[in-house]
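Novice: Provided below for reference: sequence and predicted model.
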Amino acid sequence: MDRLRCLFGDPAAVPHPLGVVRYGTVATAPSVRSGTPTVDLHLVRDPAQAVTEVWTTDRPVSVGSRDGIAFGHDGRYVFCAGRVPAAARYAPGVRQAYRRAFGLLVDLGYPYVVRMWNFVGRINEPNADGLEIYRDFCRGRAEAFDSSPLPRDTLPAATGVGAHTEGVTFYLLARRAAGHVAVENHRQVPAYHYPDRYGPRPPSFARASRLPDGELLISGTASILGHATVHPGDVVAQCRTTLANLATLAADLSALQAVKVYVRHTGDLDAVRRLCTEVFVGDVAYLVTDLCRTDLLVEMEGMSPRVRRQVSVPV
Ligand SMILES: C=C(O[C@@H]1C=C(C(=O)O)C=C[C@H]1O)C(=O)O
């Protein structure tokens, strides 16, 4: 079995972890720890809610670090994690860090990026020029893709949310072989076509990546229809729209794995949990953090397993 898997739990129980992300009450720079690329993200207010995410394909992993980027690779997939320190303006640092990561992917021979996560401190606050830090981040990321050394221009699925520490921390998954497909959602304008009222450069991501093995890696998804936020101020309605958006991508929401739900306000956690429990069956991580638009209250992501082809048997 060498499919990409994600689980929430103890990395020591996984024979060959590719990368480990600890969502807790502290942040650390990415590094190789106990033989595994590891990063700590500060996205949890209550230590009881801490979650450790482990990526693996069950194949032996080689690890290393270069230019502040920690990586693990197993012949099919690479996991990389990097960090951009706190700055007055983020575009230059993000552009440079992404370019370094892309250069590393080329050198290691894993040029097909399928999924990226970005955690942006002070995401809704202005930078030194008054530009919202998320928009500043998007500019740097778009510039990195403009001059990307990667072989084709399909954008990865992604997440871009806040964190309780300054600076930007990111991690990604990339493949050695071609064959994944970027998927869009007909209910939503592709993010890379958002109009410029949302910032000088649109967000560079696809709504999902379909892996050649059949799994679907779904981007952070929120209460957006077309390009507009719907139901500002109403977390329950935002949850329902978000679930409907997810349902257009994944055939069966109850089968989603590695579900993460990002909630802006601690006070909304109970209501969000109640709705999510009706839908999701597997483990769900609830993280409290700001989101990429000030009017978004909740966001969800997950991985849809391979759907077995239906075979109809004549009776
Ligand atoms: C919620 C949205 O965007 C968020 C921001 C992303 C990014 O900038 O990488 C990716 C997915 C979401 O976390 C959206 O635009 O629909």
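Specialist: The structure has been received and is ready for your questions.
Novice: what sits against the residue of the stretch 51-200 of the chain found nearest the ligand?
Specialist: At 2.6 Å from the ligand, residue 160 is the closest residue in the stretch 51-200 of the chain, using C-beta to the nearest ligand atom. No exception for glycine: its C-beta is placed from N, CA and C like everyone else's. By C-beta atoms under 8 Å, 6 or more residues apart in numbering, the residues touching residue 160 are 118, 120, 123, 134, 137-138, 203, 205, 220, 292.
Novice: Distance from the helix or strand in which it is found to the middle of the chain?
Specialist: Residue 160 is part of strand 157-163, with elements assigned from DSSP states H and E. Centroid displacement of strand 157-163 relative to its chain, using C-alpha atoms, centre = their mean, to the nearest Å, is 5 Å.
Novice: what about whichever helix or strand comes after that strand, near the ligand?
Specialist: On the C-terminal side of strand 157-163, the closest following helix or strand by DSSP H and E is strand 168-175. No: Strand 168-175 stays clear of the ligand (C-beta under 6 Å from any ligand atom), getting no nearer than 9.4 Å.
Novice: could I have strand 168-175 exported to PDB, CA atoms only?
Specialist: Extracted in PDB, the C-alpha atoms of strand 168-175 (Å, rounded to 0.1, in the frame of the first residue of the first chain):
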ATOM      1  CA  VAL A 168       4.000  32.900   7.500                       C
ATOM      2  CA  THR A 169       4.500  29.200   7.900                       C
ATOM      3  CA  PHE A 170       3.700  26.900   5.000                       C
ATOM      4  CA  TYR A 171       3.900  23.200   4.100                       C
ATOM      5  CA  LEU A 172       3.200  21.300   0.900                       C
ATOM      6  CA  LEU A 173       2.900  17.900  -0.700                       C
ATOM      7  CA  ALA A 174       4.300  17.300  -4.200                       C
ATOM      8  CA  ARG A 175       4.600  14.200  -6.400                       C
END
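Novice: measure residue 234 to the ligand for me?
Specialist: Residue 234 sits 16 Å away from the ligand, taking C-beta to the nearest ligand atom, to the nearest Å as the criterion.
Novice: Keeping just the C-alphas, turn the strand holding residue 160 into PDB.
Specialist: Coordinates of each C-alpha in strand 157-163 appear next as PDB, following Å, rounded to 0.1, in the frame of the first residue of the first chain:
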ATOM      1  CA  ALA A 157      -5.200  22.900  -3.900                       C
ATOM      2  CA  ALA A 158      -4.400  25.100  -0.900                       C
ATOM      3  CA  THR A 159      -5.400  26.500   2.500                       C
ATOM      4  CA  GLY A 160      -4.700  30.100   3.500                       C
ATOM      5  CA  VAL A 161      -5.800  30.900   7.100                       C
ATOM      6  CA  GLY A 162      -4.500  32.900  10.100                       C
ATOM      7  CA  ALA A 163      -2.200  31.800  12.900                       C
END
